[in-house]
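Novice: okay, sequence plus prediction incoming.
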Amino acid sequence: MNIGIIGSGYVGLVAAACFSEMGNTVVCVDIDKKKIDSLKNGMIPIYEPGLDVLVHKNFAKNRLIFSTDINDALESSDIIFIAVGTPMGEDGSADLQYVLSVAKSIGENMKKHILVVDKSTVPIGTADKVREEIQRCLDERSSVLTFDVASNPEFLKEGAAIKDFMQPDRVVVGSNNEDSIQLMRNLYKPFTHSSDRFISMDIRSAEMTKYAANAMLATRISFINEISNICEKVGADVNQVRNGIGSDSRIGYKFIYPGCGFGGSCFPKDVKALINISNSVDYYPNLISAVEKVNNQQKQVLYSKVKSEFGDNLKGLKIAIWGLSFKPETDDMREAPSIPLIKSLIKSGANINAYDPQAIEEAKFYLKGYDINYFDNKYDALEGVEVVILVTEWKEFRSPDFKRMLNLMKGNVLIDGRNQFQKDYISSNGFKYLQIGVK
Ligand SMILES: NC(=O)c1ccc[n+]([C@@H]2O[C@H](COP(=O)([O-])OP(=O)(O)OC[C@H]3O[C@@H](n4cnc5c(N)ncnc54)[C@H](O)[C@@H]3O)[C@@H](O)[C@H]2O)c1
């Protein structure tokens, strides 16, 4: 099939690489010329395991084409995916300006019948707006061209995006048109080969499914974080509690890790957007609002631990931060818990050494104006520090050389935002070990 993908970010580029890997010809478009130029030169603008291999291979085979001109996609494609950003607007709603501007370009430039598919996470009713915008432009051109609009929300996780796209748990397609559903079914057939995981539904339900999925996962995280805060107060150990509840098959272990709050480009923004969507239809979402509130509080939990250990004035305290990205295996810093933590620590007078395996360049952008010493080796960042705070659970932090750490550090406090070590073992190595949800 011939496919166009508009927006070459985390979602668009992964989708383009994976569709081309299955033999489709994909034109991947972005308005960011620098991004497209670097992709043409073989440079991948984001860190996503396995993405470089797929992009290089399919680009070399001419199945993956990069362009800044939407016409290159519209000329040949049967399906055009909209995969641009839908960032949080000032009022918390999803900002649709990029999606609607793509719809406008499609309406102004399309030359044959196409299926337009919303892959971006968009509020319920957006497909109607996209349809109206395209039709408005066609009417202006006095064109009788026809098109259809469908919804195909994306569920990939950054850090495992290729695997998630290649072997999805499900593919959700919202459409009221049987031909469109068939076209999408055929496109996704190679990805759902082993068992039928293609779920078609009406467009609004597909749009809502994406928000409901993210709100559910965010709820589990805020739930365990709230339990962990209670554990700490009552002298229970959330790690043991997690084991105790996760073993119940109705609950399971996934998404009940206590931590320093969820971040990333999706959960915070989508939870906020769902609150906004609910408010716009005169419904107050009690539970989802609480999920957001708990998460905002949780992002301060590591800072509170530092203060409980060293007091409110941290002037001159040297602290190492291990892990900056919002989760491992990505360089994405959007809404990362490390950002408010570092800002609060610096405001209280602390000196920060920071290390991350992939996200340092992104961190420099998100923490511009903050005086931070960045290191490209996790041990170098420990020289002379009183405290090390583990914020992101990259694999290389799982089994560090504790003796070497203590030799480099001036103090011995290890604050673990991911509860990944055995307390007794760390303590016997000479650390003062502070975890989340454990007194
Ligand atoms: N990142 C994720 O893990 C993830 C997962 C599922 C769904 N989503 C959703 O997918 C959508 C895209 O997210 P992302 O993380 O890939 O965003 P991103 O910011 O990484 O990429 C968006 C890209 O769209 C480009 N763009 C903006 N306007 C354009 C236009 N008019 N024409 C062409 N390109 C344009 C931008 O230059 C940018 O490169 C969002 O709605 C997001 O919520 C993201």
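Specialist: Everything's here; your move. Numbers count the residues shown, from 1 in each chain.
Novice: the longest helix along the chain and the ligand in contact?
Specialist: Scanning the chain for the helix with the most residues, using DSSP state H, yields helix 203-234. No - Helix 203-234 is not in contact with the ligand by Cβ under 6 Å from any ligand atom; minimum separation 7.2 Å. (Each C-beta comes from the backbone N, C-alpha and C, glycine too.)
Novice: packing partners of that helix?
Specialist: Judged by 3 or more Cβ pairs under 8 Å, 6 or more residues apart in numbering; DSSP states H and E, the packing partners of helix 203-234 are helix 126-140, strand 147-151, strand 171-174, helix 238-246, helix 267-280, helix 286-298.
Novice: looking at this structure, which residue is nearest the ligand?
Specialist: Across the chain, the shortest distance to the ligand (Cβ to the nearest ligand atom) belongs to Gly9, at 1.8 Å.
Novice: what's the nearest residue to that residue if we skip its chain neighbours?
Specialist: In space, Gly9 comes closest to Gly85 once its chain neighbours are excluded; the distance is 6.4 Å by Cβ to Cβ, 6 or more residues apart in numbering.
Novice: element containing that neighbour?
Specialist: Using DSSP states H and E, Gly85 maps to neither a helix nor a strand.
Novice: and it, how far is that from Glu48?
Specialist: From Gly85 across to Glu48, the span is 16 Å (Cβ to Cβ, to the nearest Å).
Novice: so between the two, which is more surrounded?
Specialist: Each of Gly85 and Glu48 has its neighbours counted (other Cβ atoms under 10 Å); Glu48 has more, 25 against 19.
Novice: Gly125 contacts Glu207, doesn't it?
Specialist: Yes - here Gly125 lies in contact with Glu207, judged by Cβ atoms under 8 Å, at a distance of 7.4 Å.
Novice: the more surrounded of those two?
Specialist: A count of neighbours by other Cβ under 10 Å puts Glu207 above the other of Gly125 and Glu207, at 25 against 13.
Novice: the more buried one contacts Asp128, doesn't it?
Specialist: No - if you go by Cβ under 8 Å, Glu207 and Asp128 don't touch, sitting 10.0 Å apart.
Novice: that older thread, now the helices and strands packed on helix 203-234 in a markdown table, with mean neighbour count and distance to Gly92?
Specialist: Output for the helices and strands packed on helix 203-234, formatted as a markdown table (neighbours: other Cβ atoms under 10 Å; distance: least, Cβ to Cβ, whole Å):
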| stretch | mean neighbour count | distance to Gly92 |
| --- | --- | --- |
| helix 126-140 | 18 | 16 |
| strand 147-151 | 23 | 22 |
| strand 171-174 | 23 | 24 |
| helix 238-246 | 16 | 30 |
| helix 267-280 | 20 | 4 |
| helix 286-298 | 17 | 9 |
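Novice: so which of these gets nearest Ala212?
Specialist: Counting by Cβ to Cβ, Ala212 lies closest to helix 267-280 out of those; the figure is 8.0 Å.
Novice: got the contact list for that closest one?
Specialist: 86-88, 91-94, 121, 123-124, 210-211, 214-215, 217-218, 221, 262, 284-285, 288-289, 291-292, 295, 335 (Cβ atoms under 8 Å, 6 or more residues apart in numbering).
Novice: just the angle for that helix relative to helix 203-234, thanks.
Specialist: Helix 267-280 and helix 203-234 meet at an angle of 120 degrees, taking axes from the mean of the first three to the mean of the last three Cα atoms, to 10 degrees as the criterion.
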